[in-house]
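Chemist: Pasting a predicted model and its sequence here:
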Amino acid sequence: MEPLNLPNANLRLKKKNRRLYVWCIVRKKELICTPEEWVRQHFIHYLVNYRKIPIGLISSEFSLNYNGILKRADIVVFKKNTEPILIVECKAPNINLNQKTIFQIAQYNFKLNAKYLCLTNGLDHFYCEINTENGNINNIDEIPLDLVD
């Protein structure tokens, strides 16, 4: 798999029947290691190991209903009071982050109302903070360290 612009994740990988699998520390199961899953698992490890977010506050493939259609947010981080605080949309490294991916995460946030959004393809990362009072969106350099407090 392609090296990413994220810290080393020390992922647990296994090859079975000529397929590569990765262990998900959130879902506690092996998953087929697609390029998007490669990015998702690296980002989960980044959140846990470098942003110090407890695994119990992270959901992967979080289901939500948008206009009668079942959608899945790649990663949702919750505050200790169970309020969604961050949505992360992961794409494969060869996928450009563009208006379509921004629209996708905006749909999720319409339902979840998180304060922070992140788009990543493992190489490029786009972070923003949403001012819930006036709806303004501000680009930020990084996810705050006190995110879940």
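Modeler: Structure's in. What do you need?

Chemist: contacts, neighbours, all on C-alpha from now
Modeler: Will do.

Chemist: mind checking the SS state of residue 44?
Modeler: helix (DSSP: H, G, I helix; E, B strand; the rest coil).

Chemist: Could you report the distance from the most centrally placed residue in the chain to residue 134?
Modeler: By CA atoms, centre = their mean, the chain has its centre lying nearest to residue 88, at 3.0 Å. The gap separating residue 88 from residue 134 is 22 Å, by CA to CA, to the nearest Å.

Chemist: which residue ranges form the strands in the chain?
Modeler: 13-16, 19-24, 29-32, 58-66, 69-78, 84-90, 116-120, 125-130, 137-140 (DSSP state E).

Chemist: which outside residues touch the last one?
Modeler: With CA atoms under 8 Å, 6 or more residues apart in numbering as the test, strand 137-140 has contacts from 126-131.

Chemist: ok, 10 Å please
Modeler: Applying CA atoms under 10 Å, 6 or more residues apart in numbering, the contact partners of strand 137-140 are 115-118, 126-131.

Chemist: do the third one as well
Modeler: The set of residues external to strand 29-32 that reach it, using CA under 10 Å, 6+ apart, is 12-16, 19-24, 37-38, 41.
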